[in-house]
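1. Turn this into a structure:
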Amino acid sequence: FLQSGDDYMMGLIVMTKTAAIEATAIMANDHADKLLKNGLTTEELVEAREYITKVSAVEDAKIAGKLNVSCMHDVTEGGVFGAVTELAEASGLGAMIYVDQIPVTHLTAKICKILEVSPMRLIGSGSILIVTPDPERVVKTLQKSGVDATVVGTMRSKKEVTAIGVGKSERLKSAPDELLLIK
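-> Sure thing, here's the model as predicted:
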């Protein structure tokens, strides 16, 4: 598929579940006092801590592995942005990720806002990125099995990694997990 000029799309990127799953649980445990003082309810804190039960992506990978996929990569340290950067580097390709398409729970977004970090740059164990030429089938199969899945970007021949959001784009490179930057 031709995107523009000599930049060819090499497959679509499907993401399972949501961004910053593990980080949400960690932040709820490590920063409970600050979160509660700044608008998080006790019920939300308990719910956020329970995100730790969602950190396995084994079933997601087993399901996707039976389909037409080029590769898979877990969203761990560095979050979605870190994972897509590693995926591009390992494959010798580039990627374009659409930030508005990346699912973030309301609770994760609220905690990230309070702690002034991006859910895109936080450890996200429990979620995987799947590169496939058949995203519709991958998404439908995962969803039928009870796993949320969303198309969030494309792998491309142009060797740069770009995140596109509302009204802006950003070239991505390896960066430390923002969990390490919380004060």
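
2. Now the helix of greatest length in the chain: average pLDDT?
-> In the chain, taking DSSP state H as the definition, the longest helix is helix 79-91. Mean pLDDT, computed over helix 79-91, is 94.

3. And it, what does it pack against?
-> Counting contacts by 3 or more CB pairs under 8 Å, 6 or more residues apart in numbering; DSSP states H and E, helix 79-91 is packed against strand 7-16, strand 71-74, strand 94-98, strand 128-132, strand 149-156, strand 161-165. All C-beta atoms are positioned from the backbone trio N, CA, C, and that covers glycine.

4. Of those, which stretch is the most buried?
-> Neighbour counts (mean count of other CB atoms under 10 Å) averaged over each of these peak at strand 128-132, with a mean of 25.

5. before we move on, the earlier item: tabulate the helices and strands packed on helix 79-91 (JSON lines), appending mean pLDDT.
-> Output for these, formatted as JSON lines (pLDDT from 0 to 100):
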{"stretch": "strand 7-16", "mean pLDDT": "84"}
{"stretch": "strand 71-74", "mean pLDDT": "94"}
{"stretch": "strand 94-98", "mean pLDDT": "95"}
{"stretch": "strand 128-132", "mean pLDDT": "96"}
{"stretch": "strand 149-156", "mean pLDDT": "96"}
{"stretch": "strand 161-165", "mean pLDDT": "91"}
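
6. Okay, Val99 and His31: tell me how far apart.
-> Computed with CB to CB, to the nearest Å, the distance linking Val99 and His31 is 24 Å.
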